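Chemist: Sharing a model that was predicted from the sequence below.
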Amino acid sequence: MNKETYSLIEKYMLSCMEDSAHDKEHVYRVLYNALAIAKTENDVDYDVLIGACLLHDVGRKEQFENPKLCHAMVGGEKAEKFLRENGFAENYVEKVKHCIQTHRFRQNNQPQSIEAKILFDADKLDVVGAMGIARTLVYKGAVAEPLYSVLPDGRVSNGEGDTSPSFFQEYKYKLEHLYSKFYTQKGTQMAMERQQAAVDFYNSLYHEVEVSYENGKDELGKIIE
């Protein structure tokens, strides 16, 4: 891929990025993670990989405005339209589209090509570890969801089995279970290196909140008769 082509795709990506949790820096991190993984794999088409990484989240705005939409499917269609309008070969367009439409965590539409698997892993690396925690908190704040829920008996829920959205619920439902979902050996290795930071943050935050509620309620009970 030459600089002119890269700049063309990058410019389109930048015009689509408005979500603070999925901003242009997220896209660059995914691209750089993907290049690190690609070095350990064989027969990678870097033109496809770079194009797919740059365009993988161009459907985020549509999903943010309408949560019923899947940003991966919308993004694949937008990328397909953009690439065709700019004269890219049909084979290239289809390969990039496949990467984008299979990068989201779903069981019924899994990545098949090595480029799609690398993009999947590179994107998930930005959901694990300290970065994953930070991005989740940014997103939860943007949609006005709480850090945690309180159970009917007044205890702070750790998120396990919660139906109401919160940071703790997201951690238990999704973030905690990502580490075994990677396709590449390098992606798995990079994820495991980041895992402890996320575990430590969640445990520390839950402990601080839990202790605050337990001690606070006891003290309040001594004062209010």
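Modeler: Perfect, I can see it now.
Chemist: Distance check, the spatially most central residue of the chain against residue 208.
Modeler: The residue lying closest to the centre of the chain (C-alpha atoms, centre = their mean) is residue 127, at 4.6 Å. Distance from residue 127 to residue 208, counting by C-beta to C-beta, to the nearest Å: 23 Å. All C-beta spots, glycine's among them, are computed from the backbone N, C-alpha and C.
Chemist: By mean pLDDT, flag the weakest helix or strand of the protein.
Modeler: Taking mean pLDDT, DSSP states H and E as the measure, the chain has helix 60-65 as its least confident helix or strand, at a mean of 84.
Chemist: The residue of the chain most remote from its centre and residue 213: what is the separation?
Modeler: Within the chain, residue 225 marks the point farthest from the mean C-alpha position, 48.4 Å out by C-alpha atoms, centre = their mean. Distance from residue 225 to residue 213, counting by C-beta to C-beta: 21 Å.
Chemist: which strands and helices sit next to the lengthiest helix in the chain?
Modeler: Longest helix in the chain by number of residues, with DSSP state H as the criterion: helix 185-223. Using 3 or more C-beta pairs under 8 Å, 6 or more residues apart in numbering; DSSP states H and E, the elements in contact with helix 185-223 are helix 24-38, helix 114-125, helix 129-142, helix 167-173.
Chemist: same thing but at 6 Å, please
Modeler: helix 129-142 (3 or more C-beta pairs under 6 Å, 6 or more residues apart in numbering; DSSP states H and E).
Chemist: mind listing what's buried in the helix it packs on?
Modeler: 129, 131-133, 135-137, 139-140 (16 or more other C-beta atoms under 10 Å).
Chemist: low-scoring stretches of the chain, by residue?
Modeler: For the chain, applying pLDDT under 70 flags the ranges 19-21, 107.
Chemist: domains of it?
Modeler: If you go by automatic domain parsing, the domain ranges for the chain are 1-126, 127-225.
Chemist: which of those domains sits most buried?
Modeler: domain 1-126 (a mean of 18; mean count of other C-beta atoms under 10 Å).
Chemist: ends of it, how far apart?
Modeler: For domain 1-126, the first-to-last residue distance is 25 Å (C-alpha to C-alpha, to the nearest Å).
Chemist: Is residue 187 in contact with residue 36, as I believe?
Modeler: No: using C-beta atoms under 6 Å, residue 187 is not in contact with residue 36; the gap is 9.1 Å.
Chemist: so how far is stretch 161-169 off the chain centroid?
Modeler: How far stretch 161-169 lies from its chain's middle: 17 Å, per C-alpha atoms, centre = their mean, to the nearest Å.
Chemist: if we can go back for a sec, after the least confident helix or strand of the chain, next one along is what?
Modeler: Moving toward the C-terminus from helix 60-65, the next helix or strand (DSSP states H and E) is helix 71-85.
Chemist: now the angle from that following helix to helix 114-125?
Modeler: 130 degrees (axes from the mean of the first three to the mean of the last three C-alpha atoms, to 10 degrees).
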